[in-house]
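*Asks:* turn this into a structure:
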Amino acid sequence: MKKIFVLFFCCLTTLSYAQTKFGPTPTAGQLAWHDKEFYLFMHFGPNTFTDLEWGHGSEDPNVFNPTAIDCNQWASIAKAAGAKGIIITAKHHDGFCLWPSKYSKHTVRESKWMNGKGDVLKMLSEACKKQGIEMGVYISPWDRNHPDYGTPKYNDIYINTMKELLTGYGKFFELWWDGANGEGPNGKKQVYDFTRFKDSALKYQPQLMIFSDIGPHVRWIGNERGIIGETNWNLLDTAGFKRGEGAPANDTLNSGNYNGKNWIGAEADVSIRKGWFYHPGEDNTVKSGATLFDLYAKSVGRGGNLLLNVPPNRAGLISSADSAALMEFKKIREAAFAHNVFKGAKILTTKNSVEIHLAKEVNLNTLVLKEKISQGQRVVKFEVSGGNNLKQFDPITAGTTIGHKRILQFPSKKIKYVRIKFTETKAAPILAGMEGYLVP
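*Replies:* Numbering: from 1, shown residues only. Predicted structure coming up:
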């Protein structure tokens, strides 16, 4: 059905104008990033053992001592949950490095864990390769421990720490930059040279997707609740803005810019627990599989990607409650999208609408639409109606943007005919997919 549908739409001059690209379009790397849709974040470090979210940088490295760490468990659970990769906090704001960096004295090498011979990055890299999933790294520019933070020398040090990671542990799919910029141990704040940071990172790994509130490849959504706006343009204006305090307003980051000059997809970060690092007192805050599915519908289902934080515990393992929630989330997703009721349907088009004619009545409560974003994001508004005869189409739901994927849910209806009317577009729409489901 999908291949026929895509071919059908691409051949229609009324809806595609011969597939001329319109506006900013994603690179091949960004297209591959959009297709990942869902992957895990893992906050892990001294904060795991001190009950802090932002460490001070003065913690004794010996507090980091996971007694039964098993990165193979992390990677196997991620894969079983349908996550396409893991992004690890290689260095958080406290400056502690999960690998034995030559440019810091606040690392796993200084801890008693594995007698100073351990390397979390090496272990995770090997585990991800074994499971066939990808890996990314979070490297906080802020460093509350390093004595050179707040001086020009630190920018060189930061680039060297990136080089260690980007040349020593295989290919990464994403580099994650936090916007935090506070003082170092010398009481000074750093002036980050993000242009050099970006150029250096891409020199070491040209395929990297770099995340920050203004990209350059992936953007923050302005909240940490995992919810992207119902209107989501994968377009953003970045001229005149800076990362962190100089970023665009949160509501702009959430919805993008209608006429944005750059293609910068939205990534929704949210934790499976109350906090980002593991805290024993938050074991009862693990989100249910149903809650995670709702977040999926409000992130992936609004054209972005879902980055779900699942923090390892003090043993160095994903806790059973977190794992169970991930498996339930996977089960719900599989059940939701198991049977596309539009498969085999007859598709008709007019100048500004598409009709799906089914062979018989079906129960329907979910619609999935996909734009062919390689040709640009075009749909501004659309309406969905349906019925049991061709003379009466009753309103079902409506939406604004589509992008990579749009999931629309509504009360279950028994219908035979569905019409999608594009009421406002930037250019003739090109759809890459259209599916219907009865989600349990």
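*Asks:* check the gap between the residue lying farthest from the centre of the chain and R419 for me.
*Replies:* If you look at how far each residue of the chain sits from its centre, by C-alpha atoms, centre = their mean, the farthest one is K391, at 42.6 Å. Per C-beta to C-beta, to the nearest Å, K391 is found 12 Å from R419. Every residue, glycine included, has its C-beta placed from N, CA and C.
*Asks:* you'd agree E126 is up against C71?
*Replies:* Yes - the pair E126 / C71 is scored as a contact, 7.4 Å apart, by C-beta atoms under 8 Å.
*Asks:* so for those two, which residue has more residues nearby?
*Replies:* C71 (24 against 16; other C-beta atoms under 10 Å).
*Asks:* just the pLDDT at the more buried one, thanks.
*Replies:* C71 carries a pLDDT score of 98 in this model.
*Asks:* how far away is it from M162?
*Replies:* Using C-beta to C-beta, C71 is found at 21 Å from M162.
*Asks:* for this structure, what helix or strand is lowest in average pLDDT?
*Replies:* Across the helices and strands of the chain, mean pLDDT, DSSP states H and E gives its lowest value to helix 2-10, namely a mean of 35.
*Asks:* where in the stretch 251-400 of the chain is pLDDT low?
*Replies:* Scanning the stretch 251-400 of the chain with the threshold set as pLDDT under 70 gives no residue ranges.
*Asks:* quick check: F329 touching Y296?
*Replies:* Yes - using C-beta under 8 Å, F329 and Y296 qualify as a contacting pair, with a distance of 7.5 Å.
*Asks:* those two: which has the busier surroundings?
*Replies:* Taking other C-beta under 10 Å, F329 and Y296 do not tie; F329 has more neighbours (25 against 21).
*Asks:* what sits against the more buried one?
*Replies:* F329 makes contact with 81, 289, 292-293, 296, according to C-beta atoms under 8 Å, 6 or more residues apart in numbering.
*Asks:* give me that answer again for 10 Å
*Replies:* F329 makes contacts with 38, 81-83, 272, 287-293, 295-296, 308, as judged by C-beta atoms under 10 Å, 6 or more residues apart in numbering.
*Asks:* please check those residues and keep the buried ones.
*Replies:* Neighbour-count burial (16 or more other C-beta atoms under 10 Å) is assigned, among the contacts of F329, to 38, 81, 83, 272, 287, 289, 292-293, 295-296, 308.
*Asks:* send me the strand or helix carrying N155 as CSV with only the CA atoms.
*Replies:* Assigned by DSSP states H and E, N155 belongs to helix 152-168. C-alpha atoms of helix 152-168 as CSV (Å, rounded to 0.1, in the frame of the first residue of the first chain):
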residue,chain,number,x,y,z
PRO,A,152,40.5,30.9,26.7
LYS,A,153,42.5,27.7,27.3
TYR,A,154,39.4,25.8,28.2
ASN,A,155,38.0,26.0,24.7
ASP,A,156,41.0,24.1,23.5
ILE,A,157,40.6,21.6,26.3
TYR,A,158,37.0,21.0,25.4
ILE,A,159,37.9,20.4,21.8
ASN,A,160,40.5,17.9,22.9
THR,A,161,38.0,16.0,25.1
MET,A,162,35.6,15.8,22.1
LYS,A,163,38.4,14.5,19.9
GLU,A,164,39.1,11.7,22.4
LEU,A,165,35.5,10.6,22.2
LEU,A,166,35.0,11.2,18.5
THR,A,167,38.1,9.4,17.5
GLY,A,168,38.3,6.6,20.1
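*Asks:* what is it packed up against?
*Replies:* Under the contact criterion of 3 or more C-beta pairs under 10 Å, 6 or more residues apart in numbering; DSSP states H and E, helix 152-168 touches strand 85-91, helix 120-131, strand 134-139, strand 174-176, helix 194-204.
*Asks:* which stretches of the stretch 151-300 of the chain form helices?
*Replies:* Remark: helices assigned in the stretch 151-300 of the chain by DSSP state H, counting those that start in this stretch are 152-168, 194-204, 250-255, 289-297.
*Asks:* any idea how far the helix or strand harbouring A325 is from the chain center?
*Replies:* Assessed by DSSP H and E, A325 sits inside helix 320-336. Here the centre of helix 320-336 is set off from its chain's centre by 18 Å, with C-alpha atoms, centre = their mean, to the nearest Å.
*Asks:* picking up where we left off before, make JSON lines out of the buried ones among the contacts of F329 and add distance to G187.
*Replies:* Putting these into JSON lines (distance: C-beta to C-beta, whole Å) gives the following:
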{"residue": "F38", "distance to G187": "41"}
{"residue": "A81", "distance to G187": "43"}
{"residue": "A83", "distance to G187": "40"}
{"residue": "I272", "distance to G187": "36"}
{"residue": "K287", "distance to G187": "39"}
{"residue": "G289", "distance to G187": "46"}
{"residue": "L292", "distance to G187": "42"}
{"residue": "F293", "distance to G187": "46"}
{"residue": "L295", "distance to G187": "39"}
{"residue": "Y296", "distance to G187": "43"}
{"residue": "L308", "distance to G187": "36"}
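*Asks:* which of these sits closest to T349?
*Replies:* Y296 (29.9 Å; C-beta to C-beta).
*Asks:* what distance do you get for that closest one to D119?
*Replies:* 33 Å.
*Asks:* same check on H279?
*Replies:* Following C-beta to C-beta, the distance that separates H279 from D119 is 25 Å.
*Asks:* again with N250
*Replies:* 37 Å.
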